[in-house]
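>>> Give me a model of this one.
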Amino acid sequence: EDDDDDDDDGMEDDYVQDEDAMESMANELADDDLDDDALQKQFRKQQKAASNKFLLTPQRLQQLEQGAFKSHSVRGLKRIIAAYGTACHLSDANGQEAADSDDEEGGNGGGRRRKKEFQITSPVVFDRLMAVCLVQCHEEFHYHLLGKGSGLDDGDESDEDSSSASEDGDAKMEKDEEKPTTAIDENQPLHPKKLSKSPHFAVIQPLLESFIKSTHHILTEAGKEAKLLRFVLSSLAKYVPYLTLFPKVSKPFLKTCVKLWSAPLDTSEEYNAVRLQAFLRIRQLAITQPYPFIEDALKSTYLSYAKRSKFGTAANVTSVLPTLTFMGNCIVELYGLDYASSYQHAFVYIRQLALHLRNALMKQTEESRATVLCWQYVHCLKLWVAVLCAAKGGTVAGKDEEANSMQSLVYPLTEIVLGTCRLVPVARYVPLRLHCVRLLQQLAASTETFIPTTSILMGVLDLKEVGMKPLGGGGKKKGGKKKGGGQTSSVQGLRLPLILKLPKEGTLRTMEQLDGVLKELFVLLNREADMYRYSPGFPEFTFAILQRLRKFNKEISNGRWRAYSKGAIELCEKYAAFASEGRSTLVDAPKDVRRLEALKPTNVPSMRERYETAVAKEKRLEAATQPVMKKADQEKINEQKRKRKAEGDSDSESDVEMEMEEEEEVKQTKPKKKKKAVVIEADLKNVGALKEADEVKEGIEWSDSE
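Numbering: from 1, shown residues only. Reported below is the predicted structural model:
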């Protein structure tokens, strides 16, 4: 086009006419020629593409299935895999047209040309082709590489070499054996040398590679199609062992599975099934692929969890937190496969948490403290506590030495949790302290190690806000002369497991905050007493606790809090008396006893089992005490979700719930209409009623305080 314009410009010098008029005429003619050339070029391109394709109909698809899966033809398998590749690349038509134009310019001799033989227009054919290939192709791969087809070359040479008895046996096996894939264990590695012994290996290998690459492509292009992703991922379980042949394909496949597993956009129930299938493929890859591959799996999954945990706050309690809990359980499962590799990664990432804590302790700036006092840091601590607890509880024969290496990380992780708890010792971060106490108790119960946390709990009782008069909702002091507030107003409840810090204004001064914190404190204190109840040194352990709780009873006048304290005192005294009586029968002194639960009877559950039972009971009680949403409000939320989903809005579920809460607040603050006073004329005429004396008993003093 540019050459034509240059020629026209050069010829204008030979004419003695108006240059502007000649230039406009030349441009109009060039535009007309360009339009015609473009249309003709596009028409020739479409004709050539149509000549290279033929429409895939249900009848032709049935013929391909018969040739590939019933006749066990390598050519038929090649044709149906080519059709499958076309189906997987239907969404990237623009990229295919560009590739075709490059092939046309390069010619037949210009390298390897990609032939597009099939054209799929029917959704029925597409669904049938995808289902058939994903479900049955692995049987053909096994048949030609490891099954009966691997020892045959067109059926002639092997028949001549074999005896008549073996021919009869093979005939019976052909009739009886219908599922050759039963010989492959999906969770066992498949050595490439074993596959390369087949005479058809050179032909089947590129077909297998093309099939896996096409399947990986549709996983990356499926988008939000949860049902398609779930079906493809579940079907890939039969093909993952063959990835040992293609190391360059396995890493992108792992990356795609991790991306689907940690996708933050969709939190629906349908996509949760996709997350589960994606993790199963990650776990299968870690088991079946050669050694260095499991380290990539451990690293990528933890980093994805760390990025996702940044959004695990109380505002997303209904959407993000359940997904984050599921991801944490998946990582715990993955790190239990190989403790030798897990130790190296756990050591590096726990050390990284320690470096963040050391930086916050040394600099004491808002930015350095913000890296520690956040949900992302706390969720990572929870994850590593769960990993170490699972390593201790899941030890089996042959893995004890590797699991012991994981137990060496308990001490540094304990120091990190204690340092996090003591980083900002103010009343506002009391919820964070209680989080840390829970983590330490979980570590102590799972590893059967003495990790005392009573000093942290008793430190909460020493806060000045606990002994001060509580404030009302509007910021005014409540009535009551005694220290600690004597009134027991209705408390709505504070969900401490969902917060890290209290509000700046009125920190630990309202009845709601005080009651929630003290209730959680005594629950953890009773749990710790139950954990160490069979230790010979339990009486000395509870001496400081009993002394502080008795002092607390004298300072506080609130009946509910004093009941909490009295219950803890009675429990500690009961367990201390049992320990004193039991240790009198021991031969060794308490300081010489190495076993923590030396006084535990044989029929009593272990410390870990008692802790798990207590946590399960607490979860049931918490679920039972949660307020139930009204049916009308729930229907309204679901209707808003459906509307937003139909409009393509990406707002989270928490936004809908926040709108509902705002509407409820508006309803509550909206002034009520005053009822009109009804005047009864008969009462107005009864003048004698004013002279009647009031029927009030003597001796009752009506005062404002009451």
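
>>> Poorly predicted segments of the stretch 401-550 of the chain, please.
Applying pLDDT under 70 to the stretch 401-550 of the chain flags residues 472-493.

>>> if you set the cut-off to 50 instead, what comes out?
Residues of the stretch 401-550 of the chain meeting the criterion pLDDT under 50: 474-492.

>>> ranges for the helices of it?
410-421, 430-447, 454-461, 464-467, 511-531, 538-541, 543-555 (DSSP state H, counting those that start in this stretch).

>>> got the angle between the second one and helix 511-531?
Our comparison of helix 430-447 with helix 511-531, counting by axes from the mean of the first three to the mean of the last three CA atoms, to 10 degrees, yields an angle of 20 degrees.

>>> Can you check what angle separates helix 430-447 from helix 454-461?
Computed by the same axes, to 10 degrees, the angle separating helix 430-447 from helix 454-461 equals 160 degrees.

>>> could you give the angle of helix 430-447 to helix 410-421?
Per the same axes, to 10 degrees, the angle that helix 430-447 makes with helix 410-421 is 170 degrees.

>>> can you map out the strands along the chain?
Under the criterion DSSP state E, the chain contains strands at 54-55, 118-119.

>>> Remind me what the last one packs against, helices and strands.
Secondary structure elements in contact with strand 118-119, counted by 3 or more CB pairs under 8 Å, 6 or more residues apart in numbering; DSSP states H and E, are strand 54-55, helix 74-88. From N, CA and C alone the C-beta is placed, and that goes for glycine too.

>>> Comparing those, which yields the minimum mean pLDDT?
Note on the helices and strands packed on strand 118-119: strand 54-55 shows the lowest mean pLDDT, a mean of 76.

>>> hey, which of the helices and strands packed on strand 118-119 is tucked in deepest?
Compared across the helices and strands packed on strand 118-119, helix 74-88 shows the largest average neighbour count, a mean of 20 (mean count of other CB atoms under 10 Å).

>>> which other helices and strands contact that one?
Secondary-structure packing of helix 74-88 (3+ CB pairs under 8 Å, 6+ apart): helix 58-65, strand 118-119, helix 123-145, helix 201-221.

>>> worst-scoring helix or strand of this structure, pLDDT-wise?
Every helix and strand of the chain was ranked by mean pLDDT, DSSP states H and E. The lowest is helix 157-161, at a mean of 38.

>>> Export the helices and strands packed on strand 118-119 as TSV, with columns for distance to residue 604.
Below are the helices and strands packed on strand 118-119 laid out as TSV (distance: least, CB to CB, whole Å):
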stretch	distance to residue 604
strand 54-55	74
helix 74-88	59
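
>>> Tell me which of these sits nearest to residue 511.
Closest approach to residue 511 among the helices and strands packed on strand 118-119 (CB to CB): helix 74-88, 62.1 Å.

>>> Identify all contacting residues around that closest one.
Contacts to helix 74-88, defined as CB atoms under 8 Å, 6 or more residues apart in numbering, come from residues 56, 61, 64-68, 115-120, 126, 129-130, 132-133, 137, 140, 144, 200, 203-204, 207, 210-211, 214-215, 217-218.

>>> what about the nearest residue to residue 305 once chain neighbours are set aside, how many residues close to it?
Closest residue to residue 305 apart from its sequence neighbours, by CB to CB, 6 or more residues apart in numbering: residue 327 at 5.2 Å. By the criterion of other CB atoms under 10 Å, residue 327 has 23 neighbours.

>>> tell me the contacts of residue 327?
By CB under 8 Å, 6+ apart, the contact list for residue 327 reads 261-262, 275, 304-305, 308.

>>> rewinding a little: quick one, which of the helices of the stretch 401-550 of the chain is packed in tightest?
Of all the helices of the stretch 401-550 of the chain, helix 430-447 has the most neighbours on average by mean count of other CB under 10 Å, namely a mean of 23.

>>> Which one of the helices and strands packed on helix 74-88 lies nearest to residue 387?
Across those, residue 387 has its closest neighbour in helix 201-221 (28.3 Å, CB to CB).

>>> hang on, isn't residue 448 packed against residue 611?
No: Residue 448 is beyond contact range of residue 611, at 10.2 Å (criterion: CB atoms under 8 Å).

>>> Turn the helices of the stretch 401-550 of the chain into CSV, columns for distance to residue 222.
Converted to CSV, the helices of the stretch 401-550 of the chain look like this (distance: least, CB to CB, whole Å):
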stretch, distance to residue 222
helix 410-421, 39
helix 430-447, 38
helix 454-461, 49
helix 464-467, 54
helix 511-531, 45
helix 538-541, 58
helix 543-555, 58
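
>>> Relative to residue 247, which of these is closest?
Among the helices of the stretch 401-550 of the chain, helix 410-421 comes nearest to residue 247, with 34.5 Å by CB to CB.

>>> Pull the residues that contact the closest one.
Looking at what lies outside helix 410-421 - CB under 8 Å, 6+ apart - the contacts are 350-351, 353-354, 357, 361, 372, 377-378, 381, 384-385, 388, 432-433, 436-437, 439-440, 443, 447, 449, 451, 456.

>>> Now do the same for residue 604: its pLDDT.
What the model reports as pLDDT for residue 604 is 90.

>>> Can you read off the backbone torsions of it?
Per-residue torsions, residue 604: phi -100, psi 140 (degrees, to the nearest 10).

>>> Tell me how many other residues crowd it.
With other CB under 10 Å as criterion, residue 604 counts 13.

>>> residues contacting it?
Each residue near residue 604 by CB under 8 Å, 6+ apart is listed here: residue 534.

>>> State whether residue 494 and residue 510 are indeed in contact, as I suppose.
No: using CB under 8 Å, residue 494 makes no contact with residue 510, being 9.0 Å away.
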